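Peer 1: when you get a sec, could you give me coordinates for this:
(one chain, ligands or ions: 1)
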Amino acid sequence: MAEVKSTCCYCGVGCGVIIETADNHSSKAEVIGVRGDPDHPANFGRLCSKGSTLHLTANPELQKQARLGQPAIRQERGAIPADVSWSKATQTIANRFAEIIKEHGPESVGIYVSGQLLTEDYYVFNKLMKGLIGANNIDTNSRLCMSSAVAGYKQTLGMDAPPCSYEDIDVASTIFITGSNTAFAHPILYRRLEDARKNNPNMKVIVVDPRRTDTAKEADLYLQIQPGTDVALYHGMLHIMLWEKWLDESYIASFTEGFDVLKDLVRDFTPKAVAGICGIKEKDLYLASEWFARSGATLSMYCQGLNQSASGTAKNAALVNLHLATGQIGKPGAGPFSLTGQPNAMGGREVGGLANLLSAHRDLSNPEHRQEVADLWGVHSVPEKPGLSAIPMFEALRNGELKAIWIVCTNPAQSMPDLNVVHEGLSKAKFVVVQDAYANTATTLYADVLLPATTWAEKTGTVTNSERRISRVNPAIAPYESSKHDWQIALDVARALEPLLPNTKRDGVETLFPYLTPEDIWNEHRASTQGRDLDITGLSYAILEECGPQQWPMPIGSNAGKKRLYADGIFPTKNKKARFIAAPYKATVEAVDARYPFALNTGRLRDQWHGMSRTGTVGTLYAHSPEPCIEISPKDAGRMNLENGSLVHVTSRRGSEIFPVKISEDIASSQAFIAMHWGSEFISGCAGKTAGRGVNGLTCGAIDPVSGQPELKHSAIKILPT
Ligand code: SF4
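Peer 2: Modelled structure (predicted):
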């Protein structure tokens, strides 16, 4: 038996794992077990139900059923794909992309990637699109996950940098969990919170969520707010803090700007008004405000409940306002801590792998930043115009503006909201490339070219978790059949495309893609971070290997990463001050009404991950929640004469699906919950508009105007007995 240290490939907690293999000295080595890495500072040896069953997903028999093993081409849509060589597949993609770019321009092609990719993968794809093709049409499924948190941090603190560490959970006095079922979505952090409560019985935990989740059930104070009313809640809390003089006036005066405008705005958010908007008791609002403001250290932990909203940026900023107003930031146990959904949503942003970003947190809108990146890459320029973000990218496919798309390691035909747009867009596209480890997703059905990629236990590179900690991902077994690493595939296509798009390179630059190993790529990324907020010029693969995972920044000369940001009250803004944002409260985009009277919320199950390509292959992971259902309150079930298991039509303005009912005390009246994971293969279609596309056949595609993140947490629906 042999052992290899690596990282869990599911959530943004970023737990260290030890992969156990048999027959390690041959190319036929198999994964036989996995356990938590006791030395990894994210989890100290613990794993949740998903992480501890990772080895089962690498079972060789299962691989044969689930994996893509060979590159393949479809002669026409709907045909069975025929296996081809890698060189044929690569050259086909390069030729088709070059033809389309020559005919319609560089903005006629797009790349849609994933927070599951490693930093090195992301780096090559980003350079391929922005450096070689010369457009910014690369976006990621992290847009559906973290983009409102990014925008909220940038508006208030100046940079996309979570200021906290997991260690802050251990020493906080109050933990304010809002829009996060941490017990299910980030289980190992929740275990840490449970330990902290045992060690400090005086710790207060407040949970804000429209749904009484497992996290909410354990709270000292639970605020069951109406969907989408978070901004009103935070403004109401600030109103009370102002009235009671619980603010840190000295911190506000020394380190922030813009408080007077916010003060004027929150004047109208009286306890009575806010209690009415949010559907909570005034006394609970008051208590939450007191525990937040008057604790020695308040840590907010938040996730998709804030982010997946058409007001996601405003929600994030309004929460950060509370921390700035009370000085609850930059000290142990305090700060606004956005929990990352995916394992490497952070790493993707670090290399600028989104339609509006450039390498090392640089901004497309900044001419100096564009020039710095052009100089680093050896290209004439980097285009200024922001690319298409996730939702507009598929809308552009549908309206013909975008002709070709390359989808990498993600399943948008299941995971995007308002799936009609995505399916119509993919049907109309002139050319679709799908690169994935898994063969049978809703998206692979549309592929003209299929590219088999490696996955967990095979991949090599780095990821960054929620606390800015960079960890190595190491291979324990050989790539499955002919699959290649994502960065290698991007590199092969880029090198085939380079001679077909010769005008982008500067004179004397032989190739934009001179890498032999992932470390070569990472070293170029590292060089790009010099002087930036995420400077890692003091870090190397060797240090990660010898000293273990490290937090950024870690500039040259430092011998460890930084636990906590902004301890000195200096922020990365022009005048070094943090900014209060006076964002008005806006209700959800799609109001419930007489025709669609229920508010549909979506979220995670404990034991499944995203579209279930991986977790759906492990039988034991169905034990906790074996089948799709719609959860509704006992009151609504009684009113409609429904029992557990009754089948109902669930219909939104976009489509209709049939679900069995689960009656739950955890759901408020006139609300409903469906887990986000269930795609078309699990749900029988009905005679509605979607013909069985799963939960996202129902959800709303409205986006936040700043972050571009869709409102996946709220859609108006009706529920009718079948
Ligand atoms: Fe993996 Fe997240 Fe579970 Fe840790 S908490 S084992 S990273 S799924």
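Peer 1: around the ligand, which positions in this structure sit nearby?
Peer 2: 8, 10-11, 13-15, 43, 47-48, 50-51, 186-188 (Cβ under 6 Å from any ligand atom). C-betas here are computed from N, CA, C, even on glycine.
Peer 1: now stretch 278-291: mean pLDDT?
Peer 2: Averaging pLDDT along stretch 278-291 yields 98.
Peer 1: not counting that stretch itself, show me its contacts.
Peer 2: 174, 176, 204, 206, 208, 221, 223-226, 229, 232-233, 236-237, 240-241, 244, 246, 271-272, 274-275, 298, 668 (Cβ atoms under 8 Å, 6 or more residues apart in numbering).
Peer 1: list the buried residues in it.
Peer 2: 278, 280, 282, 284-291 (16 or more other Cβ atoms under 10 Å).
Peer 1: equivalent analysis for stretch 511-521, please.
Peer 2: 512-513, 515, 518-519, 521.
Peer 1: ok, stretch 435-446 next?
Peer 2: 435-439, 441-444, 446.
Peer 1: kindly export that stretch (C-alpha atoms) in PDB.
Peer 2: The C-alpha coordinates for stretch 435-446 follow below in PDB (Å, rounded to 0.1, in the frame of the first residue of the first chain):
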ATOM      1  CA  GLN A 435     -14.400  18.600 -21.600                       C
ATOM      2  CA  ASP A 436     -15.300  16.500 -18.600                       C
ATOM      3  CA  ALA A 437     -14.300  13.500 -16.600                       C
ATOM      4  CA  TYR A 438     -17.900  12.200 -16.700                       C
ATOM      5  CA  ALA A 439     -19.600  10.900 -19.800                       C
ATOM      6  CA  ASN A 440     -23.300  11.100 -19.200                       C
ATOM      7  CA  THR A 441     -24.200  14.600 -18.100                       C
ATOM      8  CA  ALA A 442     -27.000  16.700 -19.500                       C
ATOM      9  CA  THR A 443     -24.400  18.900 -21.300                       C
ATOM     10  CA  THR A 444     -22.300  16.100 -22.900                       C
ATOM     11  CA  LEU A 445     -25.400  15.400 -25.100                       C
ATOM     12  CA  TYR A 446     -24.800  18.600 -26.900                       C
END
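Peer 1: what separates it from the chain centre, distance-wise?
Peer 2: The chain centroid and the centroid of stretch 435-446 are separated by 20 Å, computed with Cα atoms, centre = their mean, to the nearest Å.
Peer 1: tell me the average confidence for it?
Peer 2: The model assigns stretch 435-446 a mean pLDDT of 96.
Peer 1: equivalent analysis for stretch 466-474, please.
Peer 2: 98.
Peer 1: export that stretch as PDB, just CAs?
Peer 2: Provided in PDB are the C-alpha atoms of stretch 466-474 (Å, rounded to 0.1, in the frame of the first residue of the first chain):
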ATOM      1  CA  SER A 466     -12.200  29.900   1.900                       C
ATOM      2  CA  GLU A 467      -9.500  31.100   4.200                       C
ATOM      3  CA  ARG A 468      -7.000  32.000   1.300                       C
ATOM      4  CA  ARG A 469      -5.000  28.800   2.000                       C
ATOM      5  CA  ILE A 470      -3.300  27.300  -1.000                       C
ATOM      6  CA  SER A 471      -3.000  23.400  -0.900                       C
ATOM      7  CA  ARG A 472      -1.400  21.000  -3.200                       C
ATOM      8  CA  VAL A 473      -3.500  18.500  -5.100                       C
ATOM      9  CA  ASN A 474      -1.500  15.400  -5.900                       C
END
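Peer 1: re the thing from before, among the contacts of stretch 278-291, name the buried ones.
Peer 2: Buried, going by 16+ other Cβ under 10 Å: 174, 176, 204, 206, 208, 221, 223-226, 229, 232-233, 236-237, 240-241, 246, 271, 274-275, 298, 668, out of the contacts of stretch 278-291.
Peer 1: so which of those residues are in strands?
Peer 2: Secondary structure from DSSP state E places 174, 176, 204, 206, 208, 221, 223, 298 of those in strands.
Peer 1: how is this structure partitioned into domains?
Peer 2: Domain assignment of the chain by automatic domain parsing yields the ranges 2-66, 72-141+346-460+475-515, 147-338, 598-721.
Peer 1: for residue 530, which of these is the nearest?
Peer 2: Between residue 530 and the domains of the chain, the tightest spacing by Cβ to Cβ is seen for domain 72-141+346-460+475-515, at 8.1 Å.
Peer 1: got the end-to-end distance for the closest one?
Peer 2: Using Cα to Cα, to the nearest Å, the end-to-end distance of domain 72-141+346-460+475-515 comes out at 26 Å.
Peer 1: now residue 174: closest residue in space, sequence neighbours ignored.
Peer 2: residue 295 (3.8 Å; Cβ to Cβ, 6 or more residues apart in numbering).
Peer 1: please work out the residue of this protein nearest to the ligand and name it.
Peer 2: As assessed by Cβ to the nearest ligand atom, the ligand sits closest to residue 51 within the chain, at 2.4 Å.
Peer 1: which pLDDT value goes with that residue?
Peer 2: At residue 51, pLDDT is 98.
Peer 1: when you give positions from now on, start the count at 115
Peer 2: All right, first residue 115 from here; so that's residue 165.
Peer 1: for residue 527, give me its contacts.
Peer 2: 533, 536-537, 540, 555-557, 559-560.
Peer 1: oh, I was asking about residue 265
Peer 2: With Cβ under 8 Å, 6+ apart, residue 265 has these contacts: 426-427, 430, 818, 820-821.
Peer 1: lowest-pLDDT helix or strand in this protein?
Peer 2: helix 174-180 (a mean of 91; mean pLDDT, DSSP states H and E).
Peer 1: so for the helix or strand that that one is followed by, mean pLDDT?
Peer 2: Sequence order places strand 186-187 as the next helix or strand after helix 174-180, per DSSP states H and E. Computed over strand 186-187, the mean pLDDT rounds to 98.
Peer 1: strand partners (parallel or antiparallel) of the helix or strand that strand 186-187 is followed by?
Peer 2: Note on strand 186-187: by DSSP H and E, the next helix or strand toward the C-terminus is strand 196-197. Strand pairing for strand 196-197, determined by DSSP bridges: strand 186-187 (antiparallel).
Peer 1: what are the contacting residues of the strand it pairs with?
Peer 2: So strand 186-187 is contacted by 195-198, 202-203, 206, 562-564 (Cβ under 8 Å, 6+ apart).
Peer 1: what's the answer for stretch 728-739, then?
Peer 2: By Cβ under 8 Å, 6+ apart, stretch 728-739 touches 123, 163-164, 167, 170-171, 176, 179-180, 552, 569-570, 719-723, 789, 791.
Peer 1: mind giving me the ChimeraX select for those, buried ones only?
Peer 2: Provided next is the ChimeraX selection string for whichever of those are buried by 16+ other Cβ under 10 Å:
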select :123,163,164,167,170,171,180,552,569,570,719,720,721,722,723,789,791
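Peer 1: which residue is the nearest non-sequential neighbour of residue 486?
Peer 2: residue 476 (6.6 Å).
Peer 1: so what's the residue count around the one you found?
Peer 2: 19 (other Cβ atoms under 10 Å).
Peer 1: which residues sit in contact with it?
Peer 2: Here residue 476 is in contact with 466, 483-484, 486-487, 646 (Cβ under 8 Å, 6+ apart).
Peer 1: hey, what's it bridged with?
Peer 2: Applying DSSP bridges, one finds that residue 476 bridges with residue 472.
Peer 1: and the gap between it and residue 647?
Peer 2: Per Cβ to Cβ, to the nearest Å, residue 476 is found 10 Å from residue 647.
Peer 1: from what I see, residue 667 and residue 651 are in contact.
Peer 2: No - Residue 667 lies out of contact with residue 651 (Cβ atoms under 8 Å); the separation is 9.1 Å.
Peer 1: what do those two both touch?
Peer 2: Common neighbours of residue 667 and residue 651 (Cβ under 8 Å, 6+ apart) do not exist.
Peer 1: ranges for the helices of the stretch 515-664 of the chain?
Peer 2: For the stretch 515-664 of the chain, helices defined by DSSP state H, counting those that start in this stretch occupy the ranges 526-529, 533-542, 600-611, 632-642, 655-661.
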